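Undergrad: Whatever this is, show me its structure:
(one chain, ligands or ions: 1)
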Amino acid sequence: MTLLIPIFLALIAIYILSFYQKFLNYQRLKHYASKIPGPPLEYIMGNTYLFRNKTSDEFILMFKEEARKARERGETVIRFLLPGKMIVWPLNGKAVSQIVESTTEIYKGSDYSMFEPWIGGLLLLTGDIWKSHRKMITPTFHFAKLEGYFNVFNSESKVPKGGLPHITTEFQILTSCLSKFADSNETVDIFPYINRCLLDIICETAMGTKVNAQFNHDHPYLKAVKGYAAMMVYRFAKFLVQYSSQPIMWNPILFWALGYKKQQDDYLRILKKFTSDTALIRTNYKPPKSKLIRTRGDVNKLNYLELAMKESKRLFPPVPVFQRHLQKDMVIDGHTIPAGANITIAPVVLHDNHLVYSNPELFDPDRFLPEETAKRHSYDFIPFSAGIKNCIGQKFAVLNEKVLISHLIRSFKIEPMLKFRETRPCFEVVSKPSRGIPVKLTKRC
Ligand code: HEM
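TA: All right, here's what the predicted structure looks like:
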């Protein structure tokens with residue numbers, strides 16, 4: 001018992017010291033925060049008031065509005081201060097270039113921590129390990145391999161010859177799944193259908209295994225992906241609630257005590273088992289030989305589709321924000337951003353820059369005609385990030401989208417059931433339309 005008292009006192013001392021260290025760090029951040037442009041600060045809670053009682057799509061609107069006001073004042077960065085952390089958002093391509101071009105500031109922001117157990121991999125690595133992993137994975141997305149993936153994209157999205165009732169293949173094909181809604185003239189939210197189709201494609205091409213999510217909505221991997229993502233969203237939402245001064249729920253002990261931790265770990269076990277099982281298959285996997293190279297040639301000619309896809313990613317960037325955690329002080333446009341701050345690179349805000357894109361709310365693919373693109377900084381449009389940590393799968397993603405969209409448009413006339421602004425991007429693991437994508441489909445022939 002007498003031995004326990006010094007241990008207990010030592011633990012309290014360590015706790016107080018670490019708290020004091022955090023307090024000093026925060027004081028330092030606060031000192032810099034008062035010099036960087038941003039919304040007015042409250043004494044203790046900083047900019048917490050901006051986060052109160054907002055849904056995730058309202059967060060995006062709030063960030064856009066604060067960025068718009070800052071740009072009107074001629075500013076190129078904006079900061080938000082929350083208890084314990086400072087987040088700085090560059091507001092145009094030039095300001096972003098400093099961070100994305102840095103070869104040393106490649107540490108991911110502190111808000112990635114909750115994603116780590118699942119998608120830690122390349123996304124969160126740094127230093128030499130990141131370099132070697134990136135080098136190892138890059139060949140998977142080599143141009144020549146994309147040719148081989150073509151048949152997978154096609155088989156996942158094409159209506160088979162002979163009509164829809166004859167589908168006996170192990171894949172349920174996206175257009176086939178959607179056809180029954182065309183037959184019955186029912187409105188369908190196509191978002192989950194496209195999601196499942198993309199999951200099938202990524203599992204077959206990147207992992208070399210078939211999940212058949214389009215057929216089997218109850219596949220354990222699919223359920224674990226959904227479940228784990230929902231848990232992350234839950235925790236993140238509670239994290240924001242904490243910053244809105246409501247009862248503090250974003251707390252690892254409560255998360256564990258309420259049983260969420262166990263549930264999350266169960267999902268994680270399924271995900272990891274699936275990944276390690278498929279890694280074995282993957283070693284021997286060769287993508288199917290493409291007989292559709294000529295088709296591929298056609299895909300390269302879909303110039304207007306390419307403009308429309310870029311404009312869609314401008315307005316609805318699939319990855320709305322990502323972050324770096326500064327290791328050293330960095331000067332951006334004359335403002336010193338201190339080490340320890342998070343820099344948020346936010347396509348969703350950068351792409352809304354009214355000084356670069358006139359009427360930024362308007363959908364206008366012509367903004368991406370070469371002569372228009374030449375007028376902007378190349379980082380004013382960065383849906384796939386930029387610099388040495390850019391998206392490794394971007395060519396794969398674009399090719400995949402083109403094939404899928406071509407099949408959908410060839411098969412159906414698609415009539416949206418919501419006006420353009422009635423479904424808005426909201427934060428999830430990747431962005432998600434707040435009210436889905438409800439459409440009516442009519443078969444073309
Ligand atoms: C429209 C689809 C996609 C978009 C908009 C997108 C966007 C992004 C963005 C913004 C990043 C940077 C994240 C950060 O720095 O925190 C990133 C990184 C990454 N993406 Fe994608 N991505 C897409 C599809 C894909 C696909 C299909 C794959 C693989 C099959 C992929 C693999 C990766 C990897 C491995 C990284 C980490 C790269 C590194 O840190 O070195 N992405 N992506």
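Undergrad: Quick check: the gap between L11 and L174.
TA: Distance from L11 to L174, counting by C-beta to C-beta, to the nearest Å: 56 Å. No exception for glycine: its C-beta is placed from N, CA and C like everyone else's.
Undergrad: Give me the pLDDT for the residue in the stretch 301-445 of the chain that the ligand sits nearest to.
TA: Nearest residue of the stretch 301-445 of the chain to the ligand: G393, at 2.2 Å (C-beta to the nearest ligand atom). Note for G393: predicted pLDDT of 87.
Undergrad: that older thread, L11 and L174: who's more crowded?
TA: The neighbour count for L11 versus L174, taken as other C-beta atoms under 10 Å, is higher for L174 (25 against 10).
Undergrad: Secondary structure class of the nearest residue to that one once chain neighbours are set aside, three-state.
TA: Spatial nearest neighbour of L174, excluding adjacent residues (C-beta to C-beta, 6 or more residues apart in numbering): C197 at 4.2 Å. Of the three states, C197 takes helix under DSSP: H, G, I helix; E, B strand; the rest coil.
Undergrad: Wait, R68 touches V349, no?
TA: No: assessed by C-beta atoms under 8 Å, R68 is found out of contact with V349, at 9.1 Å.
Undergrad: Of those two, which one has the most company?
TA: Neighbours per residue (other C-beta under 10 Å) separate R68 from V349, with V349 holding more: 25 against 16.
Undergrad: Now do the helix or strand containing E371: which elements does it pack against?
TA: Per DSSP states H and E, E371 falls inside helix 370-373. Applying 3 or more C-beta pairs under 8 Å, 6 or more residues apart in numbering; DSSP states H and E, we find helix 370-373 packed against no helix or strand.
Undergrad: how distant is that helix from the center of its chain?
TA: Distance of helix 370-373 from the chain centroid (C-alpha atoms, centre = their mean, to the nearest Å) equals 27 Å.
Undergrad: per-residue confidence averaged over it?
TA: Across helix 370-373, pLDDT averages out at 97.
Undergrad: Could I get the contacting residues of R68?
TA: For R68, the contact set (C-beta atoms under 8 Å, 6 or more residues apart in numbering) comprises 352, 354.
Undergrad: For it, give me the pLDDT.
TA: Per-residue pLDDT puts R68 at 97.
Undergrad: Spell out which parts of the stretch 201-350 of the chain neighbour the ligand.
TA: Residues of the stretch 201-350 of the chain found near the ligand (C-beta under 6 Å from any ligand atom) are 202, 206, 318-319, 322.
Undergrad: In ChimeraX, how would I select just the buried ones from the residues you listed?
TA: Entered in ChimeraX, the line below selects the buried ones among these, by 16 or more other C-beta atoms under 10 Å:
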select :202,206,319,322
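Undergrad: now, which of the residues of the stretch 201-350 of the chain next to the ligand lie within helices?
TA: Judged by DSSP state H, the subset of those located in helices is 202, 206.
Undergrad: where's the dip in pLDDT among the residues of the stretch 201-350 of the chain next to the ligand?
TA: A206 (70).
Undergrad: picking up where we left off before, can you tell me which of the residues of the stretch 201-350 of the chain next to the ligand is nearest Y221?
TA: Using C-beta to C-beta, I202 is the member of those that lies nearest Y221, at 11.4 Å.
Undergrad: ok so, going back, how many other residues sit next to the residue of the stretch 301-445 of the chain closest to the ligand?
TA: Neighbours of G393 under the rule other C-beta under 10 Å: 15.
Undergrad: From N400, how far out is it?
TA: G393 is 9 Å from N400, where distance means C-beta to C-beta.
Undergrad: same deal with I106?
TA: Computed as C-beta to C-beta, the I106 to N400 distance reads 27 Å.
Undergrad: More neighbours: those two, which one.
TA: N400 (23 against 19).
Undergrad: Flag every buried residue along the host helix or strand of that one.
TA: Using DSSP H and E, N400 sits in helix 394-411. For helix 394-411, a neighbour-count test (16+ other C-beta under 10 Å) marks 396-408, 411 as buried.
Undergrad: could those residues be laid out in CSV, adding distance to the ligand and pLDDT?
TA: Shown next, in CSV, are those (distance: C-beta to the nearest ligand atom, whole Å; pLDDT from 0 to 100):
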residue, distance to the ligand, pLDDT
F396, 5, 84
A397, 4, 89
V398, 7, 91
L399, 10, 85
N400, 7, 83
E401, 7, 89
K402, 12, 87
V403, 13, 82
L404, 11, 85
I405, 12, 87
S406, 16, 84
H407, 17, 81
L408, 16, 87
S411, 22, 87
